[in-house]
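S.K.: Just to be clear, the model below is a prediction. Sequence and coordinates:
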Amino acid sequence: MSDQQANTQPPAMWAVVELLGHNRIAGRVSEQVFAGAAFIRVDVPEIVVSEVDYDESPPVRRQRLIQAHTRSFGAGAIYAVNWCDEDVAREAARGIKHEPLKPYQSKEAVAALVDDARQLRLPGGVVPSDPDDDPEDLDGHGRSY
């Protein structure tokens, strides 16, 4: 990168961004254009958080790493931008503990929806069928006895 290009890049701007729905995210903030629309881009830094595991007896304090990740938001999702320096944003990120999306989360969400649908009772006592159900246990209309 030439000196001229380095001088044309905007300085790093850090903030704690408040989102609708009482959510917050903290990190390096920039503008990003995607599909012709402007978004605010938040690059959340890698952080180490300290947490207490109360499932252990006695409770144990553990440290865990949250990987750096990026989120982009449309202007309509933003309630406030609190500009600050890098140290304040990093400390806020440690307190917020924003996690990146993990691939398995979407599979778990779909599986949970399927499980919820199987537990619903439809009018007339009909229960959504389960492929694991034994056909002999059903009366032919999805009802079991």
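M.R.: Here it is on my side, so go on. Numbers count the residues shown, from 1 in each chain.
S.K.: Domain map for this protein?
M.R.: Domain assignment of the chain by automatic domain parsing yields the ranges 3-100, 103-145.
S.K.: packing partners for the longest helix seen in the chain?
M.R.: The longest helix of the chain (DSSP state H) is helix 103-119. Applying 3 or more CB pairs under 8 Å, 6 or more residues apart in numbering; DSSP states H and E, we find helix 103-119 packed against no helix or strand. Where C-beta positions appear, they are placed from N, C-alpha and C, glycine not excepted.
S.K.: could I get it in PDB with only the CA atoms?
M.R.: C-alpha atoms of helix 103-119 as PDB (Å, rounded to 0.1, in the frame of the first residue of the first chain):
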ATOM      1  CA  PRO A 103     -23.200 -23.000  11.800                       C
ATOM      2  CA  TYR A 104     -24.800 -25.600  14.000                       C
ATOM      3  CA  GLN A 105     -27.100 -23.100  15.600                       C
ATOM      4  CA  SER A 106     -29.400 -23.000  12.500                       C
ATOM      5  CA  LYS A 107     -29.600 -26.800  12.400                       C
ATOM      6  CA  GLU A 108     -30.500 -26.800  16.100                       C
ATOM      7  CA  ALA A 109     -33.200 -24.100  15.500                       C
ATOM      8  CA  VAL A 110     -34.800 -26.100  12.800                       C
ATOM      9  CA  ALA A 111     -34.700 -29.300  14.900                       C
ATOM     10  CA  ALA A 112     -36.300 -27.400  17.800                       C
ATOM     11  CA  LEU A 113     -39.100 -26.200  15.500                       C
ATOM     12  CA  VAL A 114     -39.800 -29.700  14.300                       C
ATOM     13  CA  ASP A 115     -39.900 -31.000  17.900                       C
ATOM     14  CA  ASP A 116     -42.300 -28.100  18.900                       C
ATOM     15  CA  ALA A 117     -44.600 -28.900  15.900                       C
ATOM     16  CA  ARG A 118     -44.700 -32.600  16.900                       C
ATOM     17  CA  GLN A 119     -45.900 -31.600  20.400                       C
END
